[in-house]
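# Predicted model follows, preceded by the sequence.
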Amino acid sequence: MASINPGRMTHRYDGELVVFHIGMTVNRWWRFDQWMPIFGDMPKMMRELMTDPDSGLLGSTMLLGARGPYLVQYWSSLDKLYAYASAPQQEHRPAWTRFNKRARKTPGAVGIWHETYVVDRAETIYVATPPMGLPRATETVPIASRHDRARARVADGRTHGDAARD
C-alpha cells in the first residue's frame, strides 16, 4: 500500500500540460469477443509509454466507470500525444486499426472515446492521501501558507503549482 502524504499537498510542474481522458464503453457485456481484445490492448500501450522517457506521458490513472474502464493521462505536450497516436510503429495505430475492423463487424458492441485538454493553469489539493493524480504524474509539494485557498492558488496567475515554491 502506498504511503500517505500527511498535510495539504499540491503539484508542481513547469511547461505545457495536456490532460487526456480515454475510455471504452462496453455496450454489450455478453460480447466478450469484442471488448476483451480492446481491454487487452491498453496495458501494452501503457508499458510502451511508461518505459520510454521521451514519449511525453507523465503519468496516468485507470478508473472504472459504469460503462467501462477509462484512463486519465497527463502529457508533457500535445505534439507528443499526437505523435504517439499516429506513429505506425507504436502500439496505438495497430490497436486502432483492429478496433475499427471489429466495430464494422459488430456495430455498437463497444465504443471508444477520448477528451483532450490543454491546460493553462491547474489547481490541486490533496489532504492525507497517497500520491495520486497530477502530483503523482509531476511533483508533489506542500501547499505554501499564502496559497492556502484554492482561489489564491489560481488567482496568483502561476501555472501548475508554482505557488508551492514560495
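Ah, there it is.

# switch to C-alpha atoms for all contacts and neighbour counts from now on
OK.

# What lies in contact with whichever helix in the chain runs longest?
Longest helix of the chain, by residue count under DSSP state H: helix 32-50. For helix 32-50, contacts defined as Cα atoms under 8 Å, 6 or more residues apart in numbering pick out 24, 26, 29, 55, 57, 59, 90-92, 95, 99, 102, 106, 109-110.

# I'd like the next helix or strand past that helix.
strand 57-65 (DSSP states H and E).

# looking at this, residue 8 is in a strand?
Yes - Residue 8: assigned to a strand according to DSSP: H, G, I helix; E, B strand; the rest coil.

# any idea which residue sits dead centre in this structure?
Centroid-nearest residue in the chain, with Cα atoms, centre = their mean: residue 73, separated by 1.1 Å.

# Roughly how far does that one sit from residue 31?
27 Å (Cα to Cα, to the nearest Å).

# Just the ones in helices from the contacts of helix 32-50, please.
Among the contacts of helix 32-50, the ones falling in helices (DSSP H) are 92, 95, 99, 102.

# Show the contacting residues for the second one.
Okay, so that is residue 95. Counting by Cα under 8 Å, 6+ apart, residue 95 has contacts 38, 41.

# Dump the ones in helices among the contacts of helix 32-50 to JSON lines, plus pLDDT and distance to residue 139.
Converted to JSON lines, the ones in helices among the contacts of helix 32-50 look like this (pLDDT from 0 to 100; distance: Cα to Cα, whole Å):
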{"residue": "92", "pLDDT": "94", "distance to residue 139": "27"}
{"residue": "95", "pLDDT": "91", "distance to residue 139": "31"}
{"residue": "99", "pLDDT": "90", "distance to residue 139": "35"}
{"residue": "102", "pLDDT": "88", "distance to residue 139": "40"}
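
# Quickly name whichever of the residues you listed is closest to residue 125.
Set against residue 125, the nearest of the ones in helices among the contacts of helix 32-50 by Cα to Cα is residue 92 (32.6 Å).
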